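Enquirer: when you get a sec, could you give me coordinates for this:
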Amino acid sequence: MTTSNNTEHANIAVITGASSGLGKQFYETIVHRYPDLDEIWLIARRKERLESLAEQFPNIHARVHAVALDLAEPSSYDELSSMLARRQPNVRVLINNAGFERKGLFRDMDPKDIEAMIKLDIMGMTMVNRVFLPYMSAGSIEVITGSVASFAPTPWQAVYSASKAYTRFLARALHEEERKRGVNVLLMSPGNMNTEMNVQAAATGKLGRLPYLDLKRETARTLMMAERGHATYTPMLFYKLYRIFAKLMPSALAVKATSFED
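Expert: Prediction:
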């Protein structure tokens, strides 16, 4: 349920991109995995969907807040910073998951789609870290959603792949910075998922033929890996093998195998 309770220093979980797909599944997993949380903040653009999700578990201890913000807009960071300064919570779990994907030949892509991927997948993900990390403490965990597209340059996903390569480097650096104070930052690099964004991207071509993840299983396993201090997690053997392939192969060869051109 939504509430405007002003309790300070509450133990909270924060999920961005929470309205559907992977973010929605993380919400359901967190509700059951951390029953002692005081609050759960669900952040996404679609207010109605967030409010519906906030009512999904009426009998849990945590108060669920629907926070309708577009993380591609700089003003959203100011609003979140104000909320945090006012509430002074302990962010026990942060799921940095908001993202946007479009597949296609770069020269034919809608410039608005290119801009949206850069704004949300790079700037939004980065600023969510800057806003929330100061409110995390020893024992807190963060999961950043990356992608197997970051392992090698991916034609027909050029901007998305490049944005996730940025995410991979930032997440690994933050893991090293934050571990010294007991905060663990884990990069989850999923492959195909049965989500709105992924289904649109995989509607045609090679991507749709790749194996799909069990989101319920993998969100639980990702949180377990984060609790244990791991820096990265790539679900499913197929994608683990792809990660090894991409690491061993020169990029000039790997890029030929990663192309989504039919």
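
Enquirer: please save the CA atoms from stretch 170-185 in PDB.
Expert: What follows is stretch 170-185, C-alpha atoms only, in PDB (Å, rounded to 0.1, in the frame of the first residue of the first chain):
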ATOM      1  CA  LEU A 170      31.200   1.500 -13.900                       C
ATOM      2  CA  ALA A 171      29.700  -1.400 -11.900                       C
ATOM      3  CA  ARG A 172      33.000  -3.100 -11.500                       C
ATOM      4  CA  ALA A 173      34.700   0.100 -10.300                       C
ATOM      5  CA  LEU A 174      31.900   0.800  -7.800                       C
ATOM      6  CA  HIS A 175      32.200  -2.800  -6.500                       C
ATOM      7  CA  GLU A 176      35.800  -2.100  -5.600                       C
ATOM      8  CA  GLU A 177      35.100   1.400  -4.100                       C
ATOM      9  CA  GLU A 178      32.200   0.300  -2.000                       C
ATOM     10  CA  ARG A 179      33.400  -3.100  -0.700                       C
ATOM     11  CA  LYS A 180      35.800  -1.400   1.700                       C
ATOM     12  CA  ARG A 181      32.800  -0.100   3.700                       C
ATOM     13  CA  GLY A 182      30.800  -3.300   3.400                       C
ATOM     14  CA  VAL A 183      28.500  -2.300   0.600                       C
ATOM     15  CA  ASN A 184      28.300  -4.800  -2.300                       C
ATOM     16  CA  VAL A 185      27.600  -3.800  -5.800                       C
END
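
Enquirer: ok, residues contacting it?
Expert: 125-126, 129, 133, 136-142, 144, 146, 186-187, 226-227, 229-232 (C-beta atoms under 8 Å, 6 or more residues apart in numbering). Yep, even glycine has a C-beta here, placed from its N, CA and C like the rest.

Enquirer: just the buried residues out of those, in PyMOL syntax.
Expert: Buried subset of these, written as a PyMOL selection, criterion 16 or more other C-beta atoms under 10 Å:
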select buried, resi 125+126+129+133+136+140+141+142+144+146+186+187+226+231+232
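
Enquirer: for A226, see how far away R45 is.
Expert: 26 Å (C-beta to C-beta, to the nearest Å).

Enquirer: do the same with S140
Expert: On the measure of C-beta to C-beta, S140 and A226 end up 10 Å apart.

Enquirer: do W41 as well
Expert: For W41 relative to A226 (C-beta to C-beta), the value is 18 Å.

Enquirer: okay, now the unreliable bits of the stretch 101-250 of the chain?
Expert: Within the stretch 101-250 of the chain, the stretches with pLDDT under 70 are 195-208.

Enquirer: just the strands from it, written as ranges.
Expert: 141-145, 184-188, 232-233 (DSSP state E, counting those that start in this stretch).

Enquirer: what pairs with the shortest one, parallel or antiparallel?
Expert: What it means is strand 232-233. strand 184-188 (parallel) (DSSP bridges).

Enquirer: kindly report the same for the first one.
Expert: With DSSP bridges as the test, strand 141-145 is paired with strand 90-96 (parallel), strand 184-188 (parallel).

Enquirer: distance from the first one to the middle of the chain?
Expert: Using C-alpha atoms, centre = their mean, to the nearest Å, the distance from the centre of strand 90-96 to the centre of the chain it belongs to is 12 Å.

Enquirer: who's in contact with that strand?
Expert: With C-beta under 8 Å, 6+ apart as the test, strand 90-96 has contacts from 9-16, 18, 23, 26, 30, 34, 37, 125, 128-129, 132, 135-137, 139-145, 223.

Enquirer: just the mean pLDDT for it, thanks.
Expert: Mean pLDDT, strand 90-96: 98.

Enquirer: one step back: keep only those of the contacts of strand 90-96 that are in helices.
Expert: Counting by DSSP state H, the members of those that fall within helices are 23, 26, 30, 125, 128-129, 132, 223.

Enquirer: of these, which is the nearest to P153?
Expert: M125 (19.5 Å; C-beta to C-beta).

Enquirer: looks like G124 contacts L69 (just checking).
Expert: No. In this structure G124 lies outside contact range of L69 using C-beta atoms under 8 Å: 9.9 Å.
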